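*Asks:* Quick one: sequence and predicted model below, then my questions.
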Amino acid sequence: MKRDYRKWNSPALGRDMDLLVFGEGGTPVLVFPTSMGRFFQWEDFGMIAHMAPRIDAGWLQLWCVDSVDSESFYDKKKSPQERAQRHLEYERYIVDEVLPMIRAENPVDFLIVVGASFGAFHALALATRRPGLARKAIGLSGAYDAARWLGGSREGEAYYVNPLTFLPNLNDERYLEPLRATEIVIATGRDDANADESRRMAKLLQDKGVPASLHVWDGWSHDWPYWKEMVDVFL
């Protein structure tokens, strides 16, 4: 399998950022790590090896990005607004730096975004905040109420980074039309502490006419063995 390491100084974030690309072609998949996880997490936990047949066959090309969660949502020294602002800078890094690179190197006009746990938040936040960039978004065992990491704040920037807060008030067809063209898959464990947020997220999207599906696994199902089962079904 082709494994390509990249690193550059991000103008959006003002720091070096790393990523790994697995595979030579196929549908590009943007992979977000779990909370404060690194770009090599899916490789370390065996997900890349698990998906190797699909990558080697040229069906999928995985772009595994790093996170700055420790500088945004998890940096309790900052105010909630500062934490949300840092996340928006991370989003600009994805949109202005990573996605153009994917488009320049991969001709497939179909992007999948995926993540597990906090990575699911990143995947669905990007798909809902920037409709049209991704054609399919997959959230595995995610939590989607960003207020829990922002001191309960739902004001200012904290409003705009929280899908469970801004989606109920989203009525602009310029955003809804491309969002309705996006397939959204939400999977969670029945006993996962975040299961209710998965149900709320799916219901909000469905109420807006978005083709969002909810899939409930038995038990807790919030760990890598379950996520491997889920990607076999959805990716």
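*Replies:* Good, I have the coordinates.
*Asks:* got a list of what residue 25 touches?
*Replies:* 58, 61, 106, 108 (CB atoms under 8 Å, 6 or more residues apart in numbering). Any C-beta I mention is one placed from the backbone N, CA and C, and that applies to glycine too.
*Asks:* And residue 219, by the same measure?
*Replies:* Residue 219 makes contacts with 189-191, as judged by CB under 8 Å, 6+ apart.
*Asks:* tally of neighbours for residue 222?
*Replies:* Counted with other CB atoms under 10 Å, the neighbours of residue 222 add up to 21.
*Asks:* any idea how far the closest residue in space to it that isn't next to it in sequence lies from residue 106?
*Replies:* Nearest residue to residue 222 in three dimensions, chain neighbours excluded: residue 141, at 4.5 Å (CB to CB, 6 or more residues apart in numbering). Here residue 141 is placed at a distance of 27 Å from residue 106 (CB to CB, to the nearest Å).
*Asks:* Phi first, then psi, for the residue located most distally from the centre of the chain.
*Replies:* Distance from the C-alpha centroid of the chain, by CA atoms, centre = their mean, peaks at residue 77 (24.7 Å). Dihedral pair for residue 77: phi -80, psi -20, per degrees, to the nearest 10.
*Asks:* which residues does residue 5 form a beta bridge with?
*Replies:* For residue 5, the beta-bridge partners under DSSP bridges are residue 20.
*Asks:* quick one: it from residue 228, how far?
*Replies:* Computed as CB to CB, the residue 5 to residue 228 distance reads 23 Å.
*Asks:* More neighbours: the two, which one.
*Replies:* Counted by other CB under 10 Å, residue 5 and residue 228 do not tie: residue 228 has more neighbours, with 17 against 10.
*Asks:* Now the more buried one. Nearest residue, chain neighbours left out?
*Replies:* Leaving out its chain neighbours, residue 228 is closest to residue 50 (CB to CB, 6+ apart), at 5.0 Å.
*Asks:* What is the neighbour count of that neighbour?
*Replies:* Other residues lying near residue 50 total 17 when counted by other CB under 10 Å.
*Asks:* next one: residue 120
*Replies:* The burial count assigned to residue 120 is 30, neighbours taken as other CB under 10 Å.
*Asks:* Show me what whatever helix or strand it lives in is packed up against.
*Replies:* Secondary structure from DSSP states H and E places residue 120 in helix 118-129. Helices and strands touching helix 118-129, by 3 or more CB pairs under 8 Å, 6 or more residues apart in numbering; DSSP states H and E, are strand 27-32, helix 80-93, strand 112-116, strand 136-140, helix 163-166, strand 183-189.
*Asks:* quick one, what contacts the spatially closest residue to residue 137 that is not a sequence neighbour?
*Replies:* Here the nearest residue to residue 137 in space, its sequence neighbours aside, is residue 127; by CB to CB, 6+ apart that works out to 3.6 Å. Contacts for residue 127 were tallied using CB under 8 Å, 6+ apart; they are 113, 133-134, 137, 179, 182, 184.
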